[in-house]
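Participant: sequence and predicted structure below; questions after.
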2 protein chains.
Amino acid sequence: MNVVVSNTIADLRRRVREARQSGASIAVVPTMGALHEGHGRLIERARAECGFVVVTIFVNPTQFNEPADYARYPRTLEADLTFCEARGADVVFAPSLEEMYPREQQAFIETGKVAQFMEGRFRPGHFRGVATVVAKLLNIVGPDKAYFGQKDAQQVAVVRHMVEDLNFPVEIVEVPTVRESDGLALSSRNARLSAEERRVAVALYEALTAGGDLIAGGERRSIEVKRCAAEVFARCPGVRPEYFEVADPVRFTPVERIECPVRILGAIWIGQTRLIDNVLVGTEAQD
Amino acid sequence: MNVVVSNTIADLRRRVREARQSGASIAVVPTMGALHEGHGRLIERARAECGFVVVTIFVNPTQFNEPADYARYPRTLEADLTFCEARGADVVFAPSLEEMYPREQQAFIETGKVAQFMEGRFRPGHFRGVATVVAKLLNIVGPDKAYFGQKDAQQVAVVRHMVEDLNFPVEIVEVPTVRESDGLALSSRNARLSAEERRVAVALYEALTAGGDLIAGGERRSIEVKRCAAEVFARCPGVRPEYFEVADPVRFTPVERIECPVRILGAIWIGQTRLIDNVLVGTEAQD
């Protein structure tokens, strides 16, 4: 295999320093592994824009609000390395838990209002853990650009706020969500779905697009968009919606009165699996 | 004047990039201005160790728990620039409030246990503000080394924990406290003392050294060290002690039973002025 696997911070930093000295710009694609085509697009975009591409694979415990979810999270390192090589990554940084958290972590990133609703409300501590590990990875890699998927739109906003407020010298690049042919957003957690669960999982995307269609048709009341989504979910036995919100696309605070653009975001449970998705509504093309 | 004054992040970053491209190592000395010989030693040490020395002057509002203290904090920019030039700084970074905080700050550094006692207890939010502005300055300057004075020993510990836990690629250098001939630690706030206040201000250092002498003589009970300090303060009318603690020198948690090394730390009020100081006791030379 040609892709280099680096397990320590010191080794990774040495490789990045050499690449930078040779004149390459540096990209980082932070992941928790279990890579799919969504990650593939991030790596490809990084490959197209930067001279040296680092993919990080680390299942970060501090962002899991439920230990069982952390334990169940898929770990497929061998396949991930093959995947990274095929997409043209230069280095995979796959540190151990001890390398990333050698002692009890004291310093965390406090994320503020952008992390207050939706994922922030239903996964207490999640974004604190995400922002903290992203800060660590940015400081370890020292990239010019960092790549994130829009499937986790609120996460991108939390990272953006952190980067701007703390002046990290990096550009955040957002890459569109990749979907199955029926619309289901790719997610590492999809692998946990049974065939029957997989069939109804598309309900989330259907609710989001139905909401988007309502708004495109002139609806300006968020409560009507939510009512429409609730009808979609009611037709899908086994789907338990957790939240469904119409939010400001920068501040990620729910809005009652819709003034485009807005982002519609939802989370559902199917059996033991939790899925999230979102769509942006009312950008120029649609308005 | 030869020292360059930079007021914007973009300009400062350009100058640092040029210095780095010419092969220089980068030092940052973060200050709030009102520079005195304590800062002078930081700049001299930086000058001796690095090729390019940035002194930052920014009175950071987010670390003041009392608005009146922020308003009263001495601002002496012209004298500070002359001082920096005389000590050999290459650039003084003196940004505006708007340059550092262009909008409501959302992301802060959460500092953890090391910030819990002493200054952390009596100045709520202080270390959160310190750690946040230091994180910003580290990201703006991108230094190899950052210089801090031991007069603010707990602050150095908070910064160290942040740097280690968030993997900032910088070495923290601690520089010994500079004192007046009677022992008073140099501080920008000393300028606020009246002649009579200045005379009794040395009580803090006297209490610290009396405590250190007790420990050197075999005392192992913190309560006896505090009792000794209280006697010193009782002899000094106008001095109001705020805290006086014997603490673990790494974790900055108070200890009851003394096992050297320890750090003794105190804060006193004299009139409207608050002063802090500390001494390390029981390092090899003394044990």
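Facilitator: Nice, I can see it.
Participant: nearest residue to residue A:138 in space, please, no chain neighbours.
Facilitator: The shortest distance from residue A:138 to any non-neighbouring residue, by C-beta to C-beta, 6 or more residues apart in numbering or on different chains, is to residue A:168 (5.4 Å). Where C-beta positions appear, they are placed from N, C-alpha and C, glycine not excepted.
Participant: what's the answer for residue A:121, then?
Facilitator: residue A:243 (7.3 Å).
Participant: need the three-state assignment for the one you found.
Facilitator: Under DSSP: H, G, I helix; E, B strand; the rest coil, residue A:243 falls in the strand class.
Participant: that one - how many residues pack around it?
Facilitator: For residue A:243, the tally of surrounding residues (other C-beta atoms under 10 Å in any protein chain shown) stands at 16.
Participant: wait, isn't it in contact with residue A:118?
Facilitator: Yes: look at residue A:243 against residue A:118 with C-beta atoms under 8 Å: they come within range, at 5.7 Å.
Participant: shared neighbours of the two, which are they?
Facilitator: Counting by C-beta atoms under 8 Å, 6 or more residues apart in numbering or on different chains, the shared contacts of residue A:243 and residue A:118 are A:265, A:267.
Participant: what does the model give residue A:282 for pLDDT?
Facilitator: Residue A:282 is assigned 88 on the pLDDT scale.
Participant: roughly how far does it sit from residue A:255?
Facilitator: Residue A:282 sits 12 Å away from residue A:255, going by C-beta to C-beta, to the nearest Å.
Participant: joint contacts of the two?
Facilitator: Counting by C-beta under 8 Å, 6+ apart, the residues touching both residue A:282 and residue A:255 are residue A:262.
Participant: what's in contact with stretch A:206-215?
Facilitator: A:183, A:224-226, A:228-229, A:232-233, A:241, A:244, A:246, A:258, A:260, A:262, A:264, A:266, A:277-279, A:281-282.
Participant: which bits of the stretch 51-200 of chain A sit near chain B?
Facilitator: Listed as neighbours of chain B in the stretch 51-200 of chain A under the rule C-beta under 8 Å from any C-beta of the partner chain: A:105-114, A:128, A:131-132, A:135-136, A:139-140, A:142, A:161-162, A:165-169.
Participant: quick one: which of those sit in helices?
Facilitator: The helices, defined by DSSP state H, take in A:128, A:131-132, A:135-136, A:139-140, A:161-162, A:165 from these.
Participant: a markdown table please, covering those and showing pLDDT and distance to residue B:85.
Facilitator: As requested, these are exported to a markdown table (pLDDT from 0 to 100; distance: C-beta to C-beta, whole Å):
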| residue | pLDDT | distance to residue B:85 |
| --- | --- | --- |
| A:128 | 98 | 43 |
| A:131 | 98 | 39 |
| A:132 | 98 | 40 |
| A:135 | 98 | 35 |
| A:136 | 98 | 38 |
| A:139 | 98 | 32 |
| A:140 | 98 | 36 |
| A:161 | 97 | 38 |
| A:162 | 98 | 36 |
| A:165 | 98 | 32 |
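Participant: redo the residues you listed as JSON lines? Include distance to residue B:28 and neighbour count.
Facilitator: Formatted as JSON lines, those follow (distance: C-beta to C-beta, whole Å; neighbours: other C-beta atoms under 10 Å in any protein chain shown):
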{"residue": "A:128", "distance to residue B:28": "27", "neighbour count": "20"}
{"residue": "A:131", "distance to residue B:28": "24", "neighbour count": "26"}
{"residue": "A:132", "distance to residue B:28": "23", "neighbour count": "25"}
{"residue": "A:135", "distance to residue B:28": "19", "neighbour count": "27"}
{"residue": "A:136", "distance to residue B:28": "21", "neighbour count": "26"}
{"residue": "A:139", "distance to residue B:28": "15", "neighbour count": "20"}
{"residue": "A:140", "distance to residue B:28": "20", "neighbour count": "24"}
{"residue": "A:161", "distance to residue B:28": "24", "neighbour count": "25"}
{"residue": "A:162", "distance to residue B:28": "21", "neighbour count": "28"}
{"residue": "A:165", "distance to residue B:28": "19", "neighbour count": "23"}
